[in-house]
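Novice: Coordinates for the following, if possible.
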Amino acid sequence: MIKIRYYILIIICLASQIGVAATPSAFYSALKKIYPLATDVEWSQQGNYHTAEFVQNGFDTKVWMNTNAQWVMTNTDLQTADQLPPGAYNAFTFSSFSQWTVQNVFFIEFPKRPAVYAIQVNMDNSDATYQLFLTPDGRVLQTKDASYNNTAITPSVFDFM
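Specialist: Numbers count the residues shown, from 1 in each chain. Here you go, the predicted structure:
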C-alpha cells in the first residue's frame, strides 16, 4: 500500500512539472513579440533552454528561452570585427589580442542587462583560443581562456555578469 501511494505521488509530481512548461505555441508567440519579422525559424532544445534560430538582417540569430517561454538571451553571429561598434572595435584593436586571428564575433542581448560583444580569437599555429567580452563602448568585461573548453556562447557563459 505504501508503494502504491509513493508511485502515485511521483506521478502527480511529474505531471505537475510537465504542466508548468510552456506549450510550443507559447514559445512561438514569445519569439514573435521580440522578433516580429523572424521567419524560417528552426527550434531546438539545448539543456534547459529552447532555442530559435533564424536569419535577421543577414546575420544568423539564436534566441534562448527558458522552459516558461521567457526570453533569456539572443546571440547574433556577426562573424567579423568589422561589425563591432567603434568603442568595442578600438578596444579590441589596441588589445594584446589584436594580432590574433578573429574566429568569430557575436552580439549578445539580454532582456534585463546591457548588451555585450564576444570576440573569439585564435593564435596562429597554436591551440590557444580566447574569448573577449566587451561592452559596446569598449570596456573589457572578461577575457577567458577557451583553449581546451567548449567555446559555445550560451547563457551560462555570462554567469560572471
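Novice: List phi and psi for N104.
Specialist: With angles defined as degrees, to the nearest 10, N104 sits at phi -170, psi 160.
Novice: That one reaches Q120, doesn't it?
Specialist: Yes. Between N104 and Q120 there is a contact at 4.7 Å, judged by C-beta atoms under 8 Å. Just so you know, the C-beta spots here come from the backbone N, C-alpha and C atoms, and that holds for glycine as well.
Novice: can you map out the helices along the chain?
Specialist: Listed in chain order, the helices of the chain (DSSP state H) span 2-20, 24-34, 86-93.
Novice: Near the residue nearest to L37 when sequence neighbours are not counted, how many other residues are there?
Specialist: Closest residue to L37 apart from its sequence neighbours, by C-beta to C-beta, 6 or more residues apart in numbering: Q56 at 7.2 Å. The tally of other residues near Q56 (other C-beta atoms under 10 Å) stands at 14.
Novice: Only alpha carbons, please: show stretch 55-64 as CSV.
Specialist: Output of stretch 55-64 as CSV, limited to C-alpha atoms (Å, rounded to 0.1, in the frame of the first residue of the first chain):
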residue,chain,number,x,y,z
VAL,A,55,18.4,34.9,-40.1
GLN,A,56,17.9,38.5,-39.2
ASN,A,57,19.3,41.4,-41.3
GLY,A,58,21.7,38.9,-42.9
PHE,A,59,23.1,37.5,-39.7
ASP,A,60,22.4,34.1,-38.0
THR,A,61,20.5,34.8,-34.8
LYS,A,62,19.8,32.4,-32.0
VAL,A,63,17.3,33.2,-29.3
TRP,A,64,17.4,31.4,-25.9
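Novice: Begin at 107 from now on, thanks
Specialist: Yep, numbering from 107; the last one is stretch 161-170 now.
Novice: how about it: buried residues?
Specialist: 167-170 (16 or more other C-beta atoms under 10 Å).
Novice: what pLDDT, on average, does that stretch get?
Specialist: Averaging pLDDT along stretch 161-170 gives 94.
Novice: Stretch 174-192 now?
Specialist: 94.
Novice: show me the contacts for the residue nearest to L143.
Specialist: Neighbouring residues of Q162 by C-beta atoms under 8 Å, 6 or more residues apart in numbering: 141, 143-144, 182.
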